[in-house]
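Asks: Below are the sequence and a predicted model for it; my questions follow.
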Amino acid sequence: MADVSRSARLSLLRGLLEQARFTSQQELSQELGSDGVRVSQSTLSKDLVTLGAMRRRAEDGSLVYALGDDADPQATALVKLARLCSEMLQSIRYAGNQIVLRTPPGAAQYFAATLDGVRLPGVMGTIAGDDTVLVISTTGVATQKLVATLSDMTRTGKPQSEEIE
């Protein structure tokens, strides 16, 4: 079995979920294995979250994994951001309308792309280096609310629903 890139693995997993019914992560892992892709349960679980896949009740009453295409994409993105905050954010500092986020080396660009994808109110944009993300907010008030939201997500690992603007 060969290791494949994350994007290739996600693409294969998406295809499997669109074409067949799987009632467990073990079944998915075995099918990926038959396609030459080995994956740990932890990685598979994270991949399912990334794809927005959830267990849903099928017509016959069984629970099967299905892509969350009908789920709210913003809610799915917020869940992902909250998870990344709890796993990656090492510090949050701010001044004026600028927030500096520290991550482990190599994680800043991935974190910034996720933050950009969520499109939180009050975020004008991000710039990422290796281990640092600079977030530019619309106002100083938005900065304080963003810092509070990101801090809460870092602490709890759960999305925050309060408005930022």
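Replies: Thanks, I have it.

Asks: How about residues contacting the helix or strand containing residue 45?
Replies: Secondary structure assignment for residue 45, by DSSP states H and E: helix 41-51. If you take CB atoms under 8 Å, 6 or more residues apart in numbering as the criterion, helix 41-51 is touched by 6, 9-10, 13-14, 17, 25-26, 28-29, 32, 39, 54, 65, 67-68, 79-80, 83. The C-beta positions use only the backbone N, C-alpha and C, and glycine is treated the same way.

Asks: try 6 Å this time
Replies: 10, 13-14, 25, 29 (CB atoms under 6 Å, 6 or more residues apart in numbering).

Asks: ok, now stretch 105-113?
Replies: By CB under 6 Å, 6+ apart, stretch 105-113 touches 84, 88, 103, 126, 128-133.

Asks: for the closest residue in space to residue 129 that isn't next to it in sequence, phi and psi?
Replies: Of all residues not flanking residue 129 in the chain, residue 108 sits nearest, at 5.6 Å (CB to CB, 6 or more residues apart in numbering). For residue 108, the backbone dihedrals (degrees, to the nearest 10) come out as phi -60, psi -40.

Asks: same thing with residue 63?
Replies: phi -90, psi 130.

Asks: Tell me how far it lies from residue 50.
Replies: From residue 63 across to residue 50, the span is 20 Å (CB to CB, to the nearest Å).

Asks: Alpha carbons only: can I get stretch 145-152 in PDB?
Replies: Presented in PDB, the C-alpha positions along stretch 145-152 are these (Å, rounded to 0.1, in the frame of the first residue of the first chain):
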ATOM      1  CA  LYS A 145     -14.800  40.400  19.100                       C
ATOM      2  CA  LEU A 146     -12.700  38.300  16.700                       C
ATOM      3  CA  VAL A 147     -10.100  37.800  19.400                       C
ATOM      4  CA  ALA A 148     -12.800  36.800  21.900                       C
ATOM      5  CA  THR A 149     -14.400  34.400  19.300                       C
ATOM      6  CA  LEU A 150     -11.000  32.800  18.400                       C
ATOM      7  CA  SER A 151     -10.000  32.500  22.000                       C
ATOM      8  CA  ASP A 152     -13.300  30.800  22.900                       C
END
